[in-house]
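Enquirer: Provided below for reference: sequence and predicted model.
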Amino acid sequence: MSADRIGTDKIWANRIWRDPVFRFGLLLKLALAVLLAPQIQQQWFVPFVAHAIAHPALDPWSAFLAAGGDPMAYPYGPAMLIAHLPGTALGLLAATLAGVPELTGIGFRLGLLGFDIATLYLLLRLWPQRPRMLLWLYWWSPIALYVTYWNGQTDIVPVALLLWSLLCLREYRVRRGGIALGLAFAAKFSMLLAAPVLAIYLWRNKRLRGLLRPFAQGFAITALLSLAPWLASPGFVRMVFGTPESLRLFDLALPLGHDLRVYLTPLLYLLAVYGLWRLRRISFELLVAATGLAFFLVVLATPAPPGWYLWLVPFLVAHQLHSDRGARVLTGVFSALLIAMHLVYSSGASLPWTGLDPAARLAELGGALSPHLHSLAYTLIVAAGLVLLVQMLRERVARNDYYRIAQKPVTLGIAGDSGSGKDTLSRALAGIFGEHSVVHVSGDDYHVWDRYAPMWKGLTHLNPRANDLQRFNNDVLALMDGKPILCRHYDHGAGRFTAPTRIDKNDVVIASGLHALHMRGLRERFDVSVFLDLDERLRRAWKIERDVHQRGHPLATVLASIEKRMADSRLHIHPQRGLARLVLRLEPVNARQLETGDALEHVRLKLVALIRNGTSHERLARILIGICGLHLDVQSSEDGSEVEMSIEGEVDADDIAMAAHTLVPGLEEMLDIRPQWEGGMSGIMQLLVLIQIEESLKSRIR
Ligand SMILES: Nc1ncnc2c1ncn2[C@@H]1O[C@H](COP(=O)(O)OP(=O)(O)O)[C@@H](O)[C@H]1O
Ligand SMILES: O=C(COP(=O)(O)O)[C@H](O)[C@H](O)COP(=O)(O)O
């Protein structure tokens, strides 16, 4: 069980259950379930479910119709029936034993109360930060109270199943999430509206794309198994498909003449789904907002029955939890208008134990009032709903930090001398973002000549003139702007260039090379610019090891190349050190290890990080000491613009992962779902770069 789950369950057990706000709400709902008998339950739902219990049949819908039941009685799928069975069965048993028929309806409503509590629990799992506020916003939600306990609709069942699906998605239990959505659909077909939104969320996040298949399988198999047995049933088709309620989706239409109409509700919904598709990356909070907005659009563009407004409640709760008081006021106004109108114009409940029937009185009032007033009231509701929808769009989407930073790629520039670790660091960073989300441009691919060109006799690779830096610059800028490039690759094995291949845009652009920070225009576009400033003895040892054993060069050639390149290194590579926001210098803790020929992987290293214009070094220092158990020596420049951290010690990948979870929680949805954290100095470099990325992204939204 995840730590969050344990934490939430503890909140649930210790705080919510004991909380007076919960307990009074529970008492109220129990009282309402006992005292109120909603007309639609008494007339339709309860008789159908009771008949299904009393006369078990594989096809309860046809059996009910054959017994003379009302075709309007139960327009729901088998999952809804299964959800209603336990409470109603207990109620029916009690009614039979006690000879009090009302107990059956009470049993039905207690079953709904169970889903109401389940919905509260799921909301608490989704947003555990402010449990007391969530209690007030959901457990005392006027819309939820009205729909479930006065009007009597049972939309709380598919809503709870949909929330379960969302929670499963957030916990990467996607097959289970698909099953939950399939059950929500099998309870009430309109939950299908959420399916494209959830699918786009999984598809548009490369880190989640591989999860779409199990999600879709879970959904499809559940929906098929839930419905296939009854699709050939005439009773099921008659009662469940083509119900007047579902046809309301087509009420709002634009006549084009010749019996042709544009159905505006489906049109608005499809445009909303397309708008979501256009987003580059979608965080979970954006998914929640998008699902709520899709439902909101459909509900406002349709003469929706009261039950459909219950779909909005979890998303209105999320909106109010993460917004200011204005959202709560607006939601309150919207709720009040909605309930006031439906109290008069929609069915309600009677009080059987008292003989009172307030719903009938209200219905008489509704019948006496002018239809103009009904439309006026509905217009007010749509107006308040649109204002609320615009507010949700603005605050849950447009102002969503993730939305504002994730619509452009994260861009990293890594420069350093040959053998300083540029490719190694690039691979380590790609390991935490996920190769699927990273495009890596290497400066080696922009050498002007291949290994066998005579030009190398006069020029070294470290001379900018030996590299097509203008093309490197243009290609990286193109990828930053989301455009594909055509780029050849330098094969260090053969010493030749491969044919140009198309490189597509991606969420993270890593540009590494000898001269990656050489060009100002490009350098200033990087979110993070890194210079690898290796201890020269270590760099030589690493370069010799690599060039001789991995690239197949004779030792003498490598040694001669190093000497020949010294001047250009000082002239063209090292000046980039002063241009980088982050300078990383790896040094041997004991240089003698290099002299005694110890295996390079056994040479203990320390990292000296120079952070320019950083703001998170104190937080970083605490975490590196507290979580990673490292030894730090921190020096700051007089004006505080430069901080140098000397970091020593051993740290494993798990500690790096925990440190990242603490340091940059806001980036977690940009990382792979299983980031490849590294131990040692490589893992610390992963952390340092991530912190710089977070700082840069925050400056995007300031
Ligand atoms: N953090 C590190 N720890 C240990 N070895 C490293 C590290 N970074 C690089 N190396 C080694 O140094 C050599 C050069 O690294 P590489 O990434 O190819 O450098 P560059 O891309 O700058 O030329 C490689 O053999 C690599 O394994
Ligand atoms: O200096 C470099 C740059 O690569 P890096 O920064 O990765 O060391 C290499 O020597 C050249 O690319 C030529 O490669 P090769 O020597 O294989 O022909």
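Expert: Received, thanks. Residues are numbered from 1 along each chain as shown. Ligands and ions are numbered 1, 2, ... in the order given.

Enquirer: any idea how far whichever residue of the stretch 201-350 of the chain sits closest to ligand 2 is from Ala223?
Expert: With Cβ to the nearest ligand atom as the measure, Lys206 is the residue of the stretch 201-350 of the chain nearest to ligand 2, at 26.9 Å. All C-beta spots, glycine's among them, are computed from the backbone N, C-alpha and C. Lys206 sits 27 Å away from Ala223, taking Cβ to Cβ, to the nearest Å as the criterion.

Enquirer: compare neighbour counts for the two and give me the winner.
Expert: Between Lys206 and Ala223, Ala223 has the larger neighbour count (other Cβ atoms under 10 Å), namely 24 against 18.

Enquirer: the more buried one: helix or strand, and which one exactly?
Expert: Secondary structure from DSSP states H and E places Ala223 in helix 212-231.

Enquirer: would you mind listing the buried residues in that helix?
Expert: Under the neighbour-count criterion of 16 or more other Cβ atoms under 10 Å, helix 212-231 has 212, 214-216, 218-219, 222-223, 226-227, 230 buried.

Enquirer: name the helices or strands packed onto that helix?
Expert: Applying 3 or more Cβ pairs under 8 Å, 6 or more residues apart in numbering; DSSP states H and E, one finds that helix 212-231 makes contact with helix 78-98, helix 174-187, helix 194-204, helix 234-240.

Enquirer: right, and the helix or strand after the last one?
Expert: Read that as helix 234-240. helix 244-247.

Enquirer: is Leu393 located within a helix, as I assumed?
Expert: Yes: read with DSSP: H, G, I helix; E, B strand; the rest coil, Leu393 is one of the residues of a helix.

Enquirer: what's the burial count for it?
Expert: Leu393 is flanked by 17 other residues according to other Cβ under 10 Å.

Enquirer: returning to that earlier point: the residue of the stretch 201-350 of the chain closest to ligand 2 contacts Val438, correct?
Expert: No: using Cβ atoms under 8 Å, Lys206 makes no contact with Val438, being 9.3 Å away.

Enquirer: neighbours of whichever residue of the stretch 451-600 of the chain sits closest to ligand 2, how many?
Expert: Residue of the stretch 451-600 of the chain nearest ligand 2, by Cβ to the nearest ligand atom: His492 (3.6 Å). The number of residues packed near His492 is 16, by other Cβ under 10 Å.

Enquirer: surely it and His447 touch.
Expert: No: using Cβ under 8 Å, His492 is not in contact with His447, being 10.7 Å away.

Enquirer: give me the common contacts of those two.
Expert: Residues touching both His492 and His447 (Cβ atoms under 8 Å, 6 or more residues apart in numbering): none.

Enquirer: which residue is the nearest non-sequential neighbour of the closest residue to ligand 1 within the stretch 51-200 of the chain?
Expert: In the stretch 51-200 of the chain, the residue found nearest to ligand 1 is Tyr172; the distance is 30.1 Å by Cβ to the nearest ligand atom. Closest residue to Tyr172 apart from its sequence neighbours, by Cβ to Cβ, 6 or more residues apart in numbering: Ile673 at 5.8 Å.

Enquirer: wait, a helix at the one you found?
Expert: No: per three-state DSSP, Ile673 lies outside any helix segment and is coil.

Enquirer: enumerate every residue touching it.
Expert: Taking Cβ under 8 Å, 6+ apart as the test, what Ile673 contacts is 172, 207-208, 211, 434.

Enquirer: thinking again about what came up before, between Lys206 and Val438, what contacts are shared?
Expert: By Cβ under 8 Å, 6+ apart, the residues touching both Lys206 and Val438 are 506-507.

Enquirer: rewinding a little: the residue of the stretch 201-350 of the chain closest to ligand 2: what's it in contact with?
Expert: Lys206 neighbours (Cβ under 8 Å, 6+ apart): 434, 436-437, 506-507.

Enquirer: one more time with 10 Å
Expert: Counting by Cβ atoms under 10 Å, 6 or more residues apart in numbering, Lys206 touches 281, 433-438, 506-508, 672.

Enquirer: from the stretch 51-200 of the chain, which residue is nearest to ligand 2?
Expert: Distance from ligand 2 to each residue of the stretch 51-200 of the chain (Cβ to the nearest ligand atom) is smallest for Tyr172, at 36.2 Å.

Enquirer: now do the phi/psi pair for that residue.
Expert: The phi/psi pair for Tyr172 (degrees, to the nearest 10) reads phi 60, psi 20.

Enquirer: okay, now it: neighbour count?
Expert: Number of residues near Tyr172 (other Cβ under 10 Å) recorded here: 13.

Enquirer: I'd say it and Glu669 touch.
Expert: No: applying Cβ atoms under 10 Å, one finds Tyr172 not in contact with Glu669, separated by 11.6 Å.

Enquirer: ligand 2 contacts on the stretch 451-600 of the chain?
Expert: Within reach of ligand 2 by Cβ under 6 Å from any ligand atom, the stretch 451-600 of the chain has these residues: 451, 461, 492, 495, 514, 551.

Enquirer: next, the contact list for the nearest residue to the last one once chain neighbours are set aside, please.
Expert: Spelled out, that is Arg551. Spatial nearest neighbour of Arg551, chain neighbours left out: His492 (4.9 Å); criterion: Cβ to Cβ, 6+ apart. Going by Cβ under 10 Å, 6+ apart, His492 touches 423, 444, 451, 546-547, 550-553.

Enquirer: kindly give a single PyMOL line that selects the buried subset of those.
Expert: In PyMOL, this line selects whichever of those come out buried by 16+ other Cβ under 10 Å:
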select buried, resi 423+444+451+546+547+553
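
Enquirer: from the contacts of His492, which land in helices?
Expert: Using DSSP state H, 423, 546-547 are the members of the contacts of His492 that sit in helices.

Enquirer: would you list these in CSV and tack on distance to Leu286 and pLDDT?
Expert: Below are these laid out as CSV (distance: Cβ to Cβ, whole Å; pLDDT from 0 to 100):
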residue, distance to Leu286, pLDDT
Asp423, 34, 96
Arg546, 43, 93
Asp547, 47, 93
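
Enquirer: would a markdown table of these with distance to ligand 1 be doable?
Expert: Output for these, formatted as a markdown table (distance: Cβ to the nearest ligand atom, whole Å):
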| residue | distance to ligand 1 |
| --- | --- |
| Asp423 | 3 |
| Arg546 | 4 |
| Asp547 | 9 |
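
Enquirer: need these in CSV (columns: distance to Met455).
Expert: As requested, the ones in helices among the contacts of His492 are arranged in CSV below (distance: Cβ to Cβ, whole Å):
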residue, distance to Met455
Asp423, 24
Arg546, 23
Asp547, 19
